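>>> Provided below are the primary sequence and the corresponding predicted coordinates.
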There are 2 protein chains.
Amino acid sequence: MTDKTLIVSAPGKVILHGEHAVVHGKVALAVSLNLRTYLQIGLCSNGRVQINLPNIDTCLSWESAALQFLLTTIDADVLNPKAASQEQVDKLRQFAGIPDGCVDTRSLAILCFLYLYGAISASSRQLPSMEILVWSELPTGAGLGSSAAYSVCLAAALLTANESIACPVPEENGTVRWAEDELELINKWAFQGEKLIHGNPSGVDNAVGTWGGALKYHAGKIMPLNRIPTLRILLTNTKVPRSTKTLVAGVKDKLNKFPSIIGPILNSIDAISCECERTLAAIVAGDSTEESYAVLEELIDINQHHLNVIGVGHSSLDRLCQATALHSLHSKLTGAGGGGCGITLLRPDTSPSVVEASKRALNDMGYDCWETNIGGHGVSLHSPSSLQRDVSQLLTRLTDCQ
Amino acid sequence: MTDKTLIVSAPGKVILHGEHAVVHGKVALAVSLNLRTYLQIGLCSNGRVQINLPNIDTCLSWESAALQFLLTTIDADVLNPKAASQEQVDKLRQFAGIPDGCVDTRSLAILCFLYLYGAISASSRQLPSMEILVWSELPTGAGLGSSAAYSVCLAAALLTANESIACPVPEENGTVRWAEDELELINKWAFQGEKLIHGNPSGVDNAVGTWGGALKYHAGKIMPLNRIPTLRILLTNTKVPRSTKTLVAGVKDKLNKFPSIIGPILNSIDAISCECERTLAAIVAGDSTEESYAVLEELIDINQHHLNVIGVGHSSLDRLCQATALHSLHSKLTGAGGGGCGITLLRPDTSPSVVEASKRALNDMGYDCWETNIGGHGVSLHSPSSLQRDVSQLLTRLTDCQ
């Protein structure tokens, strides 16, 4: 029984260029991925707090009274987000029955919720009743920023629910976003959620989830790009598992083994990111779009070769690139490599038949493949009627199941 | 009816690393390719000069008297090789009935022979009778130094025939080489032959044909490598035609378009050549051979990616690399790229079954493929019994046809 329902969403992210090189002080470009995480929050007065995460088969519900310990445990100022202390994390784990060292997706998602719920509620000394439903188009653990999209949605919804930020009213069939200072606050809380999940995140994923578009990440600094077009892509998940840590270590070893061979490659990747940034700006400015897309394709091909050279390629990614090349499309791995995901650039006029044929080829290889776009908007508040029909139906169906 | 017969041979060459980058001031490594050109010279007293080039269906024969004009046209000192003047070239063309501007293989081979024969004979003011038969394992026009091997063989045979250099006697079943100063003279005359054929050659091909082994080419300077092992390879000719000039121009355009992206790649290629040189020396020294071969393979893979990045790859070469990778072998293009030839490194212990399977796969793709080696000896004088049976039989058969 809900009094008021809000629906927010946040995008995932992909690395367009600069993965791995960024570890060695080079520029990386991260862009929003329009596979989104949707969060529906229903404020109610039934004295219960429920969180339902159907993607990971998790639904938990508590009496508000049982959560009162959060107010004594977490002494937070909603306008000055801070990270959970070890002591606080220990208490949350104990409450949720999550053993120390347990870092599965479900446990981390619950810890993140409990901390953000408690910390954002702490200033008002009230624990509101609510039913939260989170559903995501993003695969988890694929380097697509699914945890950040979750944290961003939670932060936006909880801050809106307790009126720490405004609740803008979307027009019929519309979507609205928050003011810049409110986005800042959402991002900061989302970053605290990310810390609970990842320990020492860069902050890139939650920034992309909050602001959308693209950002440049260099030497620990995050700089948003002002002018970025929305680009059509195929996002493909080879589903080949990989260890980011092992891959990063492998690049370091290779750099140590052949500094004068590998060092220049990292410089070349740095230059690719910068050239890509210039080209994206040129597309926004409407300068010779055909030529700009040809440059974007060339940069993708070059970087894919470089990523192979530094040892983070994989035969599954080679097959992805070959399959799309047969349709004159250009692909590269994104993120850690060694399997995982790849992106394929589509031009504005790439025909549906080419897209369908490519998707079919990739599906036939056992990969998951989505036609989506990058560079779109960040965290948003939706009117229910603005949602795509399938998302809307899904949320309704999942709500009915609660 | 011959009084004395000599058989000489010279190897082809492949670029191991540094093709294209060398145009931009980086190091290239050229190595001898043990696909050889064989020249049999029979000194006789029948007052005729005959040259038979069965690979290009050419056999010409002249009365010595008809060639007397060479002695008045070419005033050369056999110990101080010099290039043909334009006037001399014009007279040779006129004599041989080769129209101006005619640069087919046959015409250039004849011009080269006439100049070297005349110039090397000029000091002694005598035009010896001889029958020359040249047969090559090298495909022409494939960037494998076939013209240089031809020039080197001609220079060595003609200099030996007129006793400008010694005629070392190979042991039964043996092969001998000339002294260093004699090799210098052979190389210089071969270079003059190359100039007639190519206009402005680098001198790398004739140096490799003369000395064998490997040499470093950098900023117009040729430096022999002292320590180089013989390496087993597959040499594959995709038979895809390409224009070296267009490919070289394409790399320059790409470098001008993306200097900060492509520039570092050329530096990386430079470092690959240097690392390869160190690794070859380590193999000769017997240091951890397994590891050294792994490095050679890694350098091949990296450079093949780089060559694709600078735009000189080709789908035929990608298929070559993929086919050999299926057998855990590592390949790269060699020379101009855009088709043409590729080399595949074999380890000392690569099994015959792997080699055969790879060759079969490459043949099935329509490519020519030879199992041979690189880094072997340069121009040599053979006892007939030292020749491989098939080469010996072929020369005999071709001689009988004369």
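On my side now, so go ahead. No experiment lies behind these values; they were computed from the predicted model shown.
>>> and for A:Asn363, the neighbour number?
A count of nearby residues for A:Asn363, using other Cβ atoms under 10 Å in any protein chain shown, gives 12. For the C-beta atoms, the positions are set from N, CA and C on the backbone; glycine is no exception.
>>> then A:Ser129?
A:Ser129: 18 neighbours (other Cβ under 10 Å).
>>> ranges for the helices of chain A?
A:69-73, A:86-96, A:105-122, A:146-161, A:180-198, A:204-211, A:244-257, A:259-284, A:289-309, A:315-325, A:352-364, A:389-401 (DSSP state H).
>>> dump those helices into JSON lines; add distance to chain B and mean pLDDT as well.
Putting those into JSON lines (distance: least, Cβ to the nearest Cβ, whole Å; pLDDT from 0 to 100) gives the following:
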{"stretch": "helix A:69-73", "distance to chain B": "52", "mean pLDDT": "93"}
{"stretch": "helix A:86-96", "distance to chain B": "44", "mean pLDDT": "95"}
{"stretch": "helix A:105-122", "distance to chain B": "36", "mean pLDDT": "96"}
{"stretch": "helix A:146-161", "distance to chain B": "30", "mean pLDDT": "97"}
{"stretch": "helix A:180-198", "distance to chain B": "32", "mean pLDDT": "96"}
{"stretch": "helix A:204-211", "distance to chain B": "23", "mean pLDDT": "97"}
{"stretch": "helix A:244-257", "distance to chain B": "9", "mean pLDDT": "96"}
{"stretch": "helix A:259-284", "distance to chain B": "4", "mean pLDDT": "97"}
{"stretch": "helix A:289-309", "distance to chain B": "4", "mean pLDDT": "97"}
{"stretch": "helix A:315-325", "distance to chain B": "8", "mean pLDDT": "97"}
{"stretch": "helix A:352-364", "distance to chain B": "17", "mean pLDDT": "98"}
{"stretch": "helix A:389-401", "distance to chain B": "39", "mean pLDDT": "80"}
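>>> could I get these as JSON lines with distance to A:Val31?
JSON lines is the format used below for those (distance: least, Cβ to Cβ, whole Å):
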{"stretch": "helix A:69-73", "distance to A:Val31": "36"}
{"stretch": "helix A:86-96", "distance to A:Val31": "32"}
{"stretch": "helix A:105-122", "distance to A:Val31": "24"}
{"stretch": "helix A:146-161", "distance to A:Val31": "13"}
{"stretch": "helix A:180-198", "distance to A:Val31": "16"}
{"stretch": "helix A:204-211", "distance to A:Val31": "7"}
{"stretch": "helix A:244-257", "distance to A:Val31": "19"}
{"stretch": "helix A:259-284", "distance to A:Val31": "9"}
{"stretch": "helix A:289-309", "distance to A:Val31": "12"}
{"stretch": "helix A:315-325", "distance to A:Val31": "19"}
{"stretch": "helix A:352-364", "distance to A:Val31": "19"}
{"stretch": "helix A:389-401", "distance to A:Val31": "21"}
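>>> how close does the closest residue to A:Ser268 other than its chain neighbours sit to B:Ala157?
Leaving aside its chain neighbours, A:Ser268 sits nearest to B:Pro264 (4.2 Å; criterion: Cβ to Cβ, 6 or more residues apart in numbering or on different chains). Distance, B:Pro264 to B:Ala157, by Cβ to Cβ, to the nearest Å: 47 Å.
>>> looking at these two, which is more packed in?
B:Ala157 (25 against 21).
>>> circling back to that earlier point, just checking, the residue nearest to A:Ser268 touches A:Ile272?
No. Counting by Cβ atoms under 8 Å, B:Pro264 does not reach A:Ile272; the two are 10.3 Å apart.
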